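Undergrad: Below are the sequence and a predicted model; questions follow.
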Amino acid sequence: MATYVLLHGAYQGGWIWQRVAPHLRAAGHAVFAPTLDGCAERRHALRPGITTESQAAEIADMLFFEDLHDIVLVGTSCGGMVAARVAETARERIGRIVLADALALFDGETIADHVKRPAAVTTALDTGPTREDAANRMFVSLDAPMKKWALARYTPHPVAAMTEPVQLNSFWRQDWNAAVIWCRQSANPPLAHQRRAAETLKARWLELDTGHYPMLTEPEALARLLMAE
């Protein structure tokens, strides 16, 4: 059986995977869904200096201390950036990588190079959409009960992790067992961006006919794709 490490995206926490993890565990797999530094229930630790790289370093430490090997590393949205950095720095512990409607930036790129976001509420430490924007754009594909549940839990994201260039010295030059999942109803990350990732990684191309939050809208279907070798 496999070990899955599920990395969430911006404005989320490990909670975003609650509907997917039971399907993986029912198939006998071990599942870790950590909340990244400064996010969700860990927002009390928000401080200067939280970046994609520092979040990834913490996850790499978790893999070491939990002694995890041959893991399936899954990243969604900007969690794809963290996943790439984790894979680069903990290469010996990675069995497979899955980018689920994920940002997959090249070294030195920023999110703004690929995604144009509406004006956000930004402070010196974090950034995020207004509640109205979250309801009417981010979570527009969710049904009413799920939207209410998600809105109660979304939180701003550490600002440097959203704005600074990523540092990936070798990830894109290495060979990986990888898959890219494109959500057909999702505008961002753009299709061309995800195609670039799949082509560069020589990854399997998989699709779901849903929006940017497949773990909320199609959890069973997403779990099946994550388990596909």
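TA: Sure thing, it's come through.
Undergrad: drop to CA atoms for contacts and neighbour counts, all remaining ones
TA: Fine.
Undergrad: Give me the average confidence score over the lengthiest helix in the chain.
TA: If you go by DSSP state H, the chain has its longest helix at helix 52-65. Averaged across helix 52-65, pLDDT comes to 98.
Undergrad: Run through the neighbouring helices and strands of the strand ranked longest in the chain.
TA: Longest strand in the chain by number of residues (criterion: DSSP state E): strand 94-102. Under the contact definition 3 or more Cα pairs under 8 Å, 6 or more residues apart in numbering; DSSP states H and E, strand 94-102 sits against strand 71-77, helix 79-89, strand 178-183.
Undergrad: That strand pairs with which strands, and in what direction?
TA: Note on strand 94-102: by DSSP bridges, its sheet partners are strand 71-77 (parallel), strand 178-183 (parallel).
Undergrad: since we're on the residue nearest to Asn177 when sequence neighbours are not counted, how many residues are nearby?
TA: Nearest residue to Asn177 in three dimensions, chain neighbours excluded: Arg96, at 4.9 Å (Cα to Cα, 6 or more residues apart in numbering). Neighbours of Arg96 under the rule other Cα atoms under 10 Å: 18.
Undergrad: Beta-bridge partners for Arg96, please?
TA: Val72.
Undergrad: Distance check, it against Arg195.
TA: Remark: distance between Arg96 and Arg195 (Cα to Cα, to the nearest Å) = 18 Å.
Undergrad: before we move on, what about Leu24?
TA: 26 Å.
Undergrad: more neighbours, those two?
TA: Legend: neighbour count by other Cα under 10 Å for Leu24 and Arg195, higher for Leu24 (20 against 16).
Undergrad: The more buried one: what's it in contact with?
TA: Contact partners of Leu24, counting by Cα atoms under 8 Å, 6 or more residues apart in numbering, are Ala30, Val31, Ala223, Met227.
Undergrad: now His157
TA: With contacts defined as Cα under 8 Å, 6+ apart, His157 is in contact with Ala10, Tyr11, Gln12, Gly38, Cys39, Asp126, Thr127, Gly128.
Undergrad: do Gly38 as well
TA: His44, Ala45, Leu46, Arg47, Ile50, His157, Pro158.
Undergrad: Format those as CSV; extra columns: secondary structure and distance to Asp67.
TA: As requested, the contacts of Gly38 are arranged in CSV below (DSSP: H, G, I helix; E, B strand; the rest coil; distance: Cα to Cα, whole Å):
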residue, secondary structure, distance to Asp67
His44, helix, 28
Ala45, helix, 25
Leu46, coil, 27
Arg47, coil, 28
Ile50, coil, 25
His157, strand, 28
Pro158, strand, 28
